[in-house]
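Undergrad: Predicted coordinates and the sequence they were generated for:
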Amino acid sequence: MRHRRHFSLEQAHATLGWVSERLEEMRLARDRMLDSDAREALGQVASGNGGGPHGRTVSEGFLALREAAAQLAAAGVVLRDLDRGLVDFPAILDGSEVYLCWVESEEDEIAYWHDLDAGYAGRRPL
């Protein structure tokens, strides 16, 4: 077994709102990290001073991104693609370890699964 935690379909469904919130936090944090004004200002300041408020914008973005990613990982949720909102939930299906596969655009229903090594292209309906 690759994963210590496995979700039932019901458990995975119950976490979708929480997962969506973490994904949104991560996107907002990434946007702060990639803020062009902050990054440009950081490039113009002395390397030893952290860039003041601009450095804080980038570093707070990094910390928020890292925290949300850690929360997903601690819950056992596998993030595959932040932009698409693609996540996998380790599960046991017919005695085999698989992933319940969900994309944010699929609303509040997990309708697909795939083998551990199959990826998104190998999704099959539940």
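TA: Sure, I can see it. Residues are numbered from 1 along each chain as shown.
Undergrad: Surely residue 111 is in contact with residue 123?
TA: No - between residue 111 and residue 123 there is no contact, the gap being 9.0 Å when judged by C-beta atoms under 8 Å. Bear in mind the C-beta positions are built from the backbone N, C-alpha and C, glycine included.
Undergrad: Surely residue 6 touches residue 95?
TA: No - the criterion here is C-beta under 8 Å, and residue 6 misses it with residue 95 at 11.7 Å.
Undergrad: Comparing these two, which residue is more hemmed in?
TA: Between residue 6 and residue 95, residue 6 has the larger neighbour count (other C-beta atoms under 10 Å), namely 17 against 5.
Undergrad: residue contacts, that one?
TA: Neighbouring residues of residue 6 by C-beta atoms under 8 Å, 6 or more residues apart in numbering: 76, 90-92, 97.
Undergrad: remind me which residues of the protein are low pLDDT?
TA: Within the chain, the ranges that satisfy pLDDT under 70 run 35-58.
Undergrad: Identify the bridge partners of the residue positioned nearest the centre of the chain.
TA: The chain has residue 79 as the residue nearest its centroid, 4.0 Å off, counting by C-alpha atoms, centre = their mean. Here residue 79 sits in beta bridges with residue 87, going by DSSP bridges.
Undergrad: if we can go back for a sec, just checking, which of the contacts of residue 6 belong to strands?
TA: Those of the contacts of residue 6 mapping onto strands are 90-92, 97, per DSSP state E.
Undergrad: Could you pull out the strands in this structure for me?
TA: Assigned by DSSP E, the strands in the chain fall at 78-81, 86-93, 96-103, 112-115, 124-125.
Undergrad: Now residue 23. Nearest residue, chain neighbours left out?
TA: With C-beta to C-beta, 6 or more residues apart in numbering as the criterion, residue 23 has its nearest non-adjacent residue at 5.2 Å, and that residue is residue 85.
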